[in-house]
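Undergrad: Structure of the sequence below:
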Amino acid sequence: MKISTRFYIGFSLILLLIFISGFISYSGLEKSTHPLEHQIQEDISDLSKKLELDKLADLIKYYDEVLTMSARNYAFTSDEKWKQRYNTIVPELDRVVKEAIEKGDLEDKIFFQSIESANLALVDMEEEAILRVSQGEKESAVTILESAEYWDQKEIYNIGLEKYFSKRGSFSTEIVKSSTIGITNTAEDIHRSLDSNLKIALIFFIIILIVGAVVAFLTSRSISKPINHMANVVDEISRGNFNLNLNGSEKINEINKLNHSLNRVIKSMKLAVLEKKEKSVSLKVSKKLLDEAYEENKLRNKGEKMAKQINRKKKTKRRK
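TA: Modelled structure (predicted):
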């Protein structure tokens, strides 16, 4: 394996751990904030529905006052504008009451149904009064609008509204209290969840540091150890020791190449030294042989000289 590959693997491992740690932290944070978001949305939704229903109740009260005033003013003045205004508001009030019944809870439905019933009775009497005014019977129209039956229905109408508004006041207090308690409990849950996620993130951070340190140590060791070994081998070579052989089974490709190259250098230097020794020995042997030959020749010459001297002496004695 190449050195660059080892570094890439180690770096990728650290990045993977960082990614996993970040993903877990993000997931935990999202999971922690989801209850608060859900609680707030639920509270806002309930409050929006309640405010919308309150708006409808206010319209019901307003439209009733407008209808009552329009019917009475028309009965007393016979002015057509009051009749037109009355006819315009009647379908609007009917629509708003039906919408309130549809959107309210079970208790609200009872309130608004009683209002609807009373409103239908009031509209019947007011339309009868308007008709009599058109027929020129103003006194009869006023009598209808001042009758006990008319005011009984008005009382039923108002009681329904009062019950709803009374409930609205207590409900608003309850919903605020409930929302506050819910958000407080959710916030506490989030705080505990955040503490847990923080501990998990801290553990992962420590794991990343340990893994990073181990990877760095192992990578450094896998590189420095064979390099230090090669440095020692080179030092031995410089001292004249060629009986060395580097291991070529390292896990790093570059180190293996250096080992093979250094082995070739050792073999080449060893061979050169052996050749030099052989030449030196050969020269010493040749010199010795020459010296021995010289000594032998010298002795031979000396022997010849001595033989000549002996022969001369023998010849001189014979002459005498």
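Undergrad: Low-confidence stretches in the stretch 1-150 of the chain?
TA: Judged against pLDDT under 70, the low-scoring parts of the stretch 1-150 of the chain cover residues 1-8, 10-11, 19, 21-23, 25-47.
Undergrad: Helices of that one, residue ranges please.
TA: Here the stretch 1-150 of the chain has its helices, by DSSP state H, counting those that start in this stretch, at 3-77, 80-103, 106-134, 138-145, 148-238.
Undergrad: could you say what helices and strands the second one packs with?
TA: Translated: helix 80-103. helix 3-77, helix 106-134 (3 or more C-beta pairs under 8 Å, 6 or more residues apart in numbering; DSSP states H and E). Using the backbone N, CA and C atoms, a C-beta is placed for each residue, glycine as well.
Undergrad: One more: the fourth one?
TA: Under the contact definition 3+ C-beta pairs under 8 Å, 6+ apart, helix 138-145 sits against helix 3-77, helix 106-134.
Undergrad: repeat that with 10 Å
TA: Packing partners of helix 138-145 (3 or more C-beta pairs under 10 Å, 6 or more residues apart in numbering; DSSP states H and E): helix 3-77, helix 106-134, helix 148-238.
Undergrad: which parts of that helix are buried?
TA: Neighbour-count burial for helix 138-145 flags 138, 141-142, 144-145 (criterion: 16 or more other C-beta atoms under 10 Å).
Undergrad: any idea which of those residues is closest to residue 272?
TA: Of all those, residue 272 sits closest to residue 145, with 135.4 Å by C-beta to C-beta.
Undergrad: Disregarding flanking residues, what is the spatial nearest neighbour of the closest one?
TA: The shortest distance from residue 145 to any residue that is not its chain neighbour, by C-beta to C-beta, 6 or more residues apart in numbering, is 5.2 Å, and that residue is residue 129.
Undergrad: residues contacting that neighbour?
TA: The contact partners of residue 129, by C-beta atoms under 10 Å, 6 or more residues apart in numbering, come to 71-72, 74-75, 137-138, 140-147, 150.
Undergrad: Quickly note the distance from it to residue 72.
TA: Residue 129 sits 9 Å away from residue 72 when distances are taken as C-beta to C-beta, to the nearest Å.
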